[in-house]
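> structure of the sequence below:
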Amino acid sequence: MDSSLATSASTESGATSSIQRLCFCGQPTIVRTAHTTTNFGRRFIGCENWKINGECGFFEWVDPKLCEHGRRVANRLRQRHENLVAEAKRCETLVQLKLRRRRLRWLKNLRR
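Numbering: from 1, shown residues only. As a prediction, this is how the structure comes out:
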């Protein structure tokens, strides 16, 4: 089993796929997308129960390995995405603080 799977950095694909295989434990496989640094965006199939029962170990890449340039581009996109998520969280925190301050001012005005 690939060591990048141990950190569970993947998402499941909701689309039906022509990849219909059964894993070692007889369950249908699921297409997922890796979000690791080394394989960002690369699809793979695996057991649907791998988080519940990691003993099956069925794993197979769907997409070929990216070339060096493709890995650099994918990692830059991943980093931009992470930066945007962090910025969105900071903005959300600022908005919550401003709303809290407004509520406090409003409550103070009610007590007067």
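> please count neighbours and contacts with C-alpha atoms only from this point.
OK.
> who's Cys47 bridged to?
On DSSP bridges, the residues paired with Cys47 through beta bridges are Thr29.
> next, the contact list for it, please.
Listed by CA atoms under 8 Å, 6 or more residues apart in numbering, the contact partners of Cys47 are Leu22, Cys23, Phe24, Gln27, Pro28, Thr29, Ile30, Cys56, Gly57, Phe58, Phe59.
> how about Thr38?
If a contact means CA under 8 Å, 6+ apart, then Thr38 has Arg71 as its contacts.
> quick one: it is in a strand?
No: using DSSP: H, G, I helix; E, B strand; the rest coil, the assignment for Thr38 is coil, not a strand.
> of the contacts of Cys47, just the buried ones, PyMOL syntax please.
The command below creates a PyMOL selection of those among the contacts of Cys47 that count as buried (16 or more other CA atoms under 10 Å):
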select buried, resi 22+23+28+29+30+56+57+58+59
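> using JSON lines, lay out the contacts of Cys47 together with distance to Leu110.
Formatted as JSON lines, the contacts of Cys47 follow (distance: CA to CA, whole Å):
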{"residue": "Leu22", "distance to Leu110": "65"}
{"residue": "Cys23", "distance to Leu110": "64"}
{"residue": "Phe24", "distance to Leu110": "66"}
{"residue": "Gln27", "distance to Leu110": "62"}
{"residue": "Pro28", "distance to Leu110": "61"}
{"residue": "Thr29", "distance to Leu110": "60"}
{"residue": "Ile30", "distance to Leu110": "57"}
{"residue": "Cys56", "distance to Leu110": "62"}
{"residue": "Gly57", "distance to Leu110": "62"}
{"residue": "Phe58", "distance to Leu110": "63"}
{"residue": "Phe59", "distance to Leu110": "62"}
